[in-house]
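Undergrad: Please work out how this folds:
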Amino acid sequence: EEDKVQSLGMAPFSVPDSSFTFVEYYTDEECTQFVSWPIAWNENDQIIYAKYIKGDWNIIKKAEDVKSSLFMSTKVKDNDKYYLIQDIDCTGISVAPFEEFKGELQGNGFKLSNLKVTLPASSNRLNNDGKVALFGNISSSAIIENVEWKDIAVKYTPKNFKDFKCYFLFTSFKLGAIVENVKISGTFHFILTLGGVKPSNIAENWAYDNDTVDDGADISGFDMSGVSAPTFEE
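TA: So this is what the prediction gives:
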């Protein structure tokens with residue numbers, strides 16, 4: 001049996017100032033086909049390609065990356081950058097919604113599927129005068145492009161308060177934010193237990209907070225036509 005190279009593992013080299021980020025190893029020069037490890041070691045040359053992209057990025061390749069990297073914090077800073085390199089099935093992954101999104105997500109045309117977004121009744125974010133949404137406050141520095149959130153399940157369990165608000169998409173959108181080709185489908189569900197009540201806004205406007213969209217801001221890059229209206233379970 002031929003010896004095999006199990007994997008090269010890490011990047012072939014690192015860039016000291018983080019001006020470039022290693023993405024993955026590929027079998028083709030166009031970097032469209034991942035290397036399938038292990039590779040047989042024999043007398044014939046086998047060429048593989050290492051792809052780097054400009055800038056300091058967090059590469060999102062598997063479901064665990066979605067939880068431990070993209071959703072590592074509910075506050076995405078303006079220098080946080082995420083780069084999706086393939087479709088990812090997030091079945092079994094549960095995350096909390098963002099409080100604010102100031103960074104950059106480049107989806108490169110790929111899908112994040114079956115992600116669960118939840119907040120338990122114990123969360124202080126479901127409180128008097130609180131606001132909750134998937135992306136939270138979208139800052140002027142935010143960039144979200146070319147990604148599909150498919151069959152996302154957003155589920156909250158409110159407390160017994162009447163003055164909080166829940167939206168599906170965002171709680172504010174600032175002028176300067178860039179959103180292009182972001183498609184979202186899924187469900188929006190509330191579990192009303194222990195005297196929990198419906199958010200005060202939910203009957204009139206549940207998609208996003210219209211009053212906090214800056215004049216001149218462009219939110220047309222969001223397509224949430226595949227999101228069903230809120231449902232409730234008592």
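
Undergrad: what's the distance between the most centrally placed residue in the chain and residue 226?
TA: Closest to where the C-alpha atoms of the chain average out (Cα atoms, centre = their mean) is residue 70, at 6.0 Å. Residue 70 is 21 Å from residue 226, where distance means Cβ to Cβ, to the nearest Å. (Each C-beta comes from the backbone N, C-alpha and C, glycine too.)

Undergrad: Now stretch 57-66: buried residues?
TA: By 16 or more other Cβ atoms under 10 Å, the buried positions in stretch 57-66 come out as 57, 58, 59, 60, 61, 63, 65, 66.

Undergrad: Next, format those as a markdown table and append pLDDT, distance to residue 171 and secondary structure.
TA: Conversion of those to a markdown table gives the following (pLDDT from 0 to 100; distance: Cβ to Cβ, whole Å; DSSP: H, G, I helix; E, B strand; the rest coil):
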| residue | pLDDT | distance to residue 171 | secondary structure |
| --- | --- | --- | --- |
| 57 | 96 | 27 | coil |
| 58 | 97 | 24 | strand |
| 59 | 96 | 29 | strand |
| 60 | 97 | 24 | strand |
| 61 | 96 | 30 | coil |
| 63 | 97 | 26 | helix |
| 65 | 97 | 26 | helix |
| 66 | 98 | 22 | helix |
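
Undergrad: which of those sit farthest apart?
TA: Comparing every pair within the buried residues of stretch 57-66 by Cβ to Cβ identifies 57 and 63 as the most remote, at 18.3 Å.

Undergrad: list the contacts for residue 32?
TA: The contact partners of residue 32, by Cβ atoms under 8 Å, 6 or more residues apart in numbering, come to residue 26.

Undergrad: no wait, residue 227
TA: 168, 184, 185, 186, 187, 188, 207.

Undergrad: Can you tell me the closest non-neighbouring residue to residue 154?
TA: Closest residue in space to residue 154, ignoring its immediate chain neighbours: residue 117 at 4.6 Å, by Cβ to Cβ, 6 or more residues apart in numbering.

Undergrad: what's the neighbour count on the one you found?
TA: For residue 117, the neighbour count with other Cβ atoms under 10 Å is 23.

Undergrad: Would you map the helices across the protein?
TA: When assigned using DSSP state H, the helices of the chain occupy the ranges 63-65.

Undergrad: Run through it and note the low-pLDDT ranges.
TA: Within the chain, the stretches falling below the threshold (pLDDT under 70) are 1-10, 40-44, 121, 128, 160-162, 194.

Undergrad: quick one: contacts for the closest residue to residue 217 other than its chain neighbours?
TA: If you skip the residues right next to it in sequence, residue 217 has residue 175 as its closest partner in space, 4.6 Å away by Cβ to Cβ, 6+ apart. With contact taken as Cβ under 8 Å, 6+ apart, residue 175 is in contact with 140, 214, 215, 216, 217.
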